[in-house]
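# compute the structure for the input listed below.
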Amino acid sequence: MDIVIVKAKLVEQTWSIPLLLSLLVLFLNLFLDFIKRSKLKLPPSPPKLPIIGNLHQIGTLPHRSFRTLSTKYGPLMLLHIGHTPTLVVSSAELAEEMVRNHDIVFSNRPITTAVKILLYGCKDFGFAPYNEYWRLARKICILHLLSLKRVQSIQFVREEEVLTLINKIRGRCLDASPINMTEMLLGTSHNLISRCVIGLKGDEEGGSGARFGEVTRRFMHQISEFNVGDMFPSLGWLDVLSGFIGRLKETAKEMDEFLDKVIEEHKALKSYDEKDFVHILLQLQSDGMLGTELTRDHFKAILADMFVAGTESVATATEWTMAELMRHPNIMKKAQDEVRKVVGKKPKIDAEDIHRMDYLKCIIKETLRLHPPAPLMSPRQTSTSVKLEDYHIPPKTTVFVNVWAIQRDPGL
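Numbering: from 1, shown residues only. Just a heads-up that it's a prediction; the model follows:
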């Protein structure tokens, strides 16, 4: 019996010594890390709470919360949103220094759970890490999908969709029915993007277009939806219990199946006359201009990017412009007089007419200054440590440029 007890104590000591050593090393590393960070000159930061950091100081409109905090802590401010170090830039000079002198360091994007699931593991252009593939995808988008020639070639699509919108508004006015401009503008913007990307309208009655419109709207909502795991990685299991991960996978599956179907239908035509973005990508692949590294998943991710980037931004800018004109009837009267003067008795407005409407262009520019469609630029993430205005910015720091605050800076 005594021998058994002695052996048990020896086994206990055998396990306890390494455990104690491991804990000692862990605490030593934490202490050294704390000493190292205390010696670094980090940007000013508001007091934070344990676990949640500065999350409690951010309201439903983050750009306004960031601006309020920056008036006290400066244009370069370090927050901790959950477990994520977050740098907020609220100065035009600092934003210029960031993109001009440290553009490669700030080129990456933070990868969220939704982005990984919905965009094929970040095989798109917008969230892909800075590497050879990102440069190739950027070249494809700029030279082939969004070139000046391509934009001019789809002028007829814009004209048709705007005419459809005007007819809808006219019909509602004749019926004395209420008009939901937000819904109408989003629908028009979505149809425009959908026709340019895949050759289908997103609100066609019945058929695949209407179903795709529903899926893409859900897609765009979920990709920016808050989830616990991104801010508190150790609590990521809560997203599974809440059903968030399941909803993401369901949307990704439906989007994937639809895009597969669209690509197969386009390939069956065997003649790519550049009617839409799918045709252009297939033609580039047929000509051997895409290399071998682009798979079908890369194609689908790039196509999905177009909906994320283009739909809500156009609708939001248009809605704010109309809202500001309604708030300032004297300015709206001047804009109406200019339109009537330029257009005269012509039945419709063309692109050349718009170039001559200087007052209207000033209204649009001022609206974009006051109400940028993206008040915070798409978040970036530092790939390595970097110095910005003599402050040390750690690697893996999420970076927001507060465009809304910068454009309202009275010093500019």
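# residue 342: what secondary structure?
Following DSSP: H, G, I helix; E, B strand; the rest coil, residue 342 is assigned to helix.
# surely it touches residue 353?
Yes. Counting by CB atoms under 8 Å, residue 342 touches residue 353, with 5.2 Å between them. No exception for glycine: its C-beta is placed from N, CA and C like everyone else's.
# compare these two (neighbour count), which wins?
Per other CB atoms under 10 Å, whichever of residue 342 and residue 353 has more neighbours is residue 342, with 18 against 15.
# tell me who's in contact with that one.
Contact partners of residue 342, counting by CB atoms under 8 Å, 6 or more residues apart in numbering, are 353, 356, 357.
# doesn't residue 339 make contact with the last one?
Yes. In this structure, residue 357 sits in contact with residue 339. The criterion is CB under 8 Å, and the distance is 6.6 Å.
# rank the contacts of residue 342 by pLDDT and give me only the lowest.
pLDDT across these is at its lowest for residue 353, which sits at 90.
# secondary structure element holding that one?
Element membership of residue 353 [criterion: DSSP states H and E] is helix 351-355.
# output that helix as CSV, restricted to C-alpha atoms.
The C-alpha coordinates for helix 351-355 follow below in CSV (Å, rounded to 0.1, in the frame of the first residue of the first chain):
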residue,chain,number,x,y,z
ALA,A,351,-25.0,62.1,-71.3
GLU,A,352,-23.9,65.3,-73.2
ASP,A,353,-26.6,67.3,-71.4
ILE,A,354,-25.4,66.2,-68.0
HIS,A,355,-21.8,67.4,-68.8
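# can I get the following helix or strand past that helix in CSV, CA atoms only?
Going down the chain from helix 351-355, the next helix or strand is helix 358-370, by DSSP H and E. The C-alpha trace of helix 358-370 is given here as CSV (Å, rounded to 0.1, in the frame of the first residue of the first chain):
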residue,chain,number,x,y,z
ASP,A,358,-22.5,72.5,-63.7
TYR,A,359,-24.8,73.5,-60.9
LEU,A,360,-26.3,70.0,-60.7
LYS,A,361,-22.7,68.5,-60.6
CYS,A,362,-21.9,70.8,-57.7
ILE,A,363,-25.0,69.6,-55.8
ILE,A,364,-23.9,66.0,-56.3
LYS,A,365,-20.4,66.7,-55.1
GLU,A,366,-21.6,68.6,-52.0
THR,A,367,-24.0,65.7,-51.2
LEU,A,368,-21.1,63.2,-51.5
ARG,A,369,-19.0,65.4,-49.2
LEU,A,370,-21.7,65.6,-46.5
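# quick check: buried residues in helix 358-370?
360, 363, 364, 367 (16 or more other CB atoms under 10 Å).
# residues near residue 297, how many?
What residue 297 shows, counting by other CB under 10 Å, is a neighbour count of 15.
# list the contacts of the closest residue to residue 53 other than its chain neighbours.
Leaving aside its chain neighbours, residue 53 sits nearest to residue 80 (3.2 Å; criterion: CB to CB, 6 or more residues apart in numbering). Residues near residue 80 by CB under 8 Å, 6+ apart: 45, 48, 53, 54, 86.
# can you confirm residue 225 is in a helix?
No. Counting by three-state DSSP, residue 225 is not found in a helix; it is coil.
# can you tell me how far it is from residue 322?
According to CB to CB, to the nearest Å, residue 225 stands 27 Å off from residue 322.
# equivalent analysis for residue 235, please.
Distance, residue 235 to residue 322, by CB to CB: 42 Å.
# now swap in residue 287 and tell me
On the measure of CB to CB, residue 287 and residue 322 end up 43 Å apart.
# who's more crowded, the two?
residue 322 (13 against 9).
# so the helix or strand hosting the more buried one versus helix 358-370, what angle?
When elements are assigned from DSSP H and E, residue 322 belongs to helix 296-327. Going by axes from the mean of the first three to the mean of the last three CA atoms, to 10 degrees, helix 296-327 is angled at 110 degrees with respect to helix 358-370.
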